[in-house]
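*Asks:* Give the three-dimensional model of this entry:
(2 chains)
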2 protein chains.
Amino acid sequence: MSNKKDKVISSAVIRRLPKYHRYLNNLLESGVERVSSQTLSEITGFTASQIRQDLNQFGGFGQQGYGYKVETLRDQIAQIIGLDQPRRVAVVGAGHLGVALANATIFKRNHLEMVAVFDINPDMIGTKLAGTQIYSMDVFEKILKEKEVDIVTITTPKHVAQKIADRAVASGVRGIWNYALVDLKLPEGVVLENVYLNETLHVLVYYMDHPKDYKDNGGIHRTTTE
Amino acid sequence: MSNKKDKVISSAVIRRLPKYHRYLNNLLESGVERVSSQTLSEITGFTASQIRQDLNQFGGFGQQGYGYKVETLRDQIAQIIGLDQPRRVAVVGAGHLGVALANATIFKRNHLEMVAVFDINPDMIGTKLAGTQIYSMDVFEKILKEKEVDIVTITTPKHVAQKIADRAVASGVRGIWNYALVDLKLPEGVVLENVYLNETLHVLVYYMDHPKDYKDNGGIHRTTTE
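*Replies:* A predicted model of the protein is given here:
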């Protein structure tokens, strides 16, 4: 499912899609089959008109008065995000963070297959992490190509992250999920999403000392990724 | 260091502070003592005027023409964020993610002392994680108060996160760093910062299928937390 052709979807809207997906998923798990935009508004904290406006950017969904069919809307939003298509992901770095991500259900849940893990530790190479083989960085390009990896997750120290990203991109990878605290430079056509845990912690600390700023910026209702 | 009294600092500015801190820290590590706002602009990707404007919100720093003294500015930004003050943090959940955070340098680096870890697994309780004692949730309130914990990091399954947050808040905790994929409800005076890894992955996947949106929203230069 693609958005209306010549329209740019703003970053704010794109970052709300995963939230809609989550809320709808939760409704579905609770056995709710149909939801009005009013109820969706109460659950999400976004206004009903904002929700309608967001969804309309991707083509009309549901019917005013009758509300939305939860499962249909959930699946449509999954399609908009691209979760309906299987993708292959590799994790670079089998340290604590790599282990945490590999063992979480986060990839499987999102239709992403973890097909390879990479590390430089000889004791780890050849063993498995959460059922997936750990390879040496010596065969990085080879394995990425063989396994047709779409997304590389970087959990390495920051000083090697750019080099790894460059090698991944040269091997056909088109998405980088980066946890290394460094600004990666990537060519056009490659998508970068950074998870800078350190920076979210700084924001938390700042707001703890500045309750007025916190309140004025929306408090717990602010979207932290906006 | 506090901001000018009656002025609200926008979320966007607050989220840039950690970046300034990081860039200045990197400059300092590279032995750079003085930097112009022009050079800072090239490194950060923010315009020189934006940087000056951001810093001016917290009182003037540096001198135009002479630029900024890197160490002084780094320390001033650390002070603005609140990193100069020691705080105590607890981690709830000694699963893979809890282990990853406990073993990272992220707390120490930010002047946060990890004083307690909590879990419900009897095999873990009484053992140590990264040098810190793992306690039972039965003594959650008691330990939080005794150790004067400021920030609780929640890495538990989502269905218990709200209850944990409520208990933490009732025990005097004023900051919640939440990794559970749930919208916590917290009273005024408590700061919440969510790290929804699942949602950053959705954004990555969306942009991989929508290169035009990615480009129009700033590509790798977009601030992912804005």
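
*Asks:* out of everything not next to it in sequence, what's closest to A:Val13?
*Replies:* Nearest residue to A:Val13 in three dimensions, chain neighbours excluded: A:Asp54, at 5.3 Å (C-beta to C-beta, 6 or more residues apart in numbering or on different chains). In this view, the C-beta of every residue, glycine as well, is placed from N, C-alpha and C.

*Asks:* Test my guess that that neighbour contacts A:Arg15.
*Replies:* No. A:Asp54 lies out of contact with A:Arg15 (C-beta atoms under 8 Å); the separation is 10.6 Å.

*Asks:* Could you pull up the mean pLDDT of the longest helix that chain A contains?
*Replies:* For chain A, the helix with the greatest residue count under DSSP state H is helix A:11-29. Helix A:11-29 shows a mean pLDDT of 92.

*Asks:* Same question for stretch A:157-164.
*Replies:* Mean pLDDT, stretch A:157-164: 96.

*Asks:* now what about it, what contacts it?
*Replies:* Residues from elsewhere that reach stretch A:157-164 (C-beta atoms under 8 Å, 6 or more residues apart in numbering or on different chains): A:Val92, A:Met137, A:Phe140, A:Val152, A:Ile154, A:Thr156, A:Asn178, A:Ala180, A:Leu181, A:Val182, A:Leu184, A:Lys185.

*Asks:* Validate this expectation: A:Gln133 resides in a helix.
*Replies:* No. When DSSP: H, G, I helix; E, B strand; the rest coil is applied, A:Gln133 is found to be strand, with no helix at that position.

*Asks:* Now do the same for the closest residue to it other than its chain neighbours: its pLDDT.
*Replies:* Once flanking residues are discounted, A:Gln133 sits nearest to A:Ala116: 6.5 Å by C-beta to C-beta, 6+ apart. On pLDDT, A:Ala116 comes in at 98.

*Asks:* element containing A:Ala116?
*Replies:* Taking DSSP states H and E as the definition, A:Ala116 sits inside strand A:112-119.

*Asks:* which neighbours does the helix or strand following that strand have in its sheet, and in what orientation?
*Replies:* On the C-terminal side of strand A:112-119, the closest following helix or strand by DSSP H and E is strand A:128-129. According to DSSP bridges, strand A:128-129 forms sheet pairs with strand A:132-136 (antiparallel).

*Asks:* so how far is the partner strand off the chain centroid?
*Replies:* Strand A:132-136 sits 23 Å away from the centroid of its parent chain (C-alpha atoms, centre = their mean, to the nearest Å).

*Asks:* Once you drop chain neighbours, what's closest to A:Ile125?
*Replies:* Among residues not flanking A:Ile125 along the chain, A:Ser136 sits closest, at 4.7 Å (C-beta to C-beta, 6+ apart).

*Asks:* and the one you found, how many neighbours?
*Replies:* By other C-beta atoms under 10 Å in any protein chain shown, the residues close to A:Ser136 number 15.

*Asks:* thinking it is in contact with A:Asn121, fair?
*Replies:* No. Using C-beta under 8 Å, A:Ser136 is not in contact with A:Asn121, being 9.4 Å away.

*Asks:* Can you show me the strands along chain A?
*Replies:* Assigned by DSSP state E, chain A shows strands spanning A:34-35, A:68-69, A:87-92, A:112-119, A:128-129, A:132-136, A:151-154, A:175-178, A:191-194.

*Asks:* what's the closest of those strands to A:Ala168?
*Replies:* Nearest to A:Ala168 among the strands of chain A is strand A:151-154 (4.3 Å), distances taken as C-beta to C-beta.

*Asks:* The closest one close to chain B?
*Replies:* Yes. Strand A:151-154 reaches chain B (C-beta under 8 Å from any C-beta of the partner chain) through A:Ile151.

*Asks:* Tell me which residues touch the residue nearest to A:Val13, please.
*Replies:* A:Val13, A:Arg16, A:Leu17, A:Tyr20, A:Phe46.

*Asks:* Tell me, how many residues neighbour the closest residue to A:Gly45 other than its chain neighbours?
*Replies:* Of all residues not flanking A:Gly45 in the chain, A:His221 sits nearest, at 5.2 Å (C-beta to C-beta, 6+ apart). Residues near A:His221, counting by other C-beta under 10 Å, number 11.
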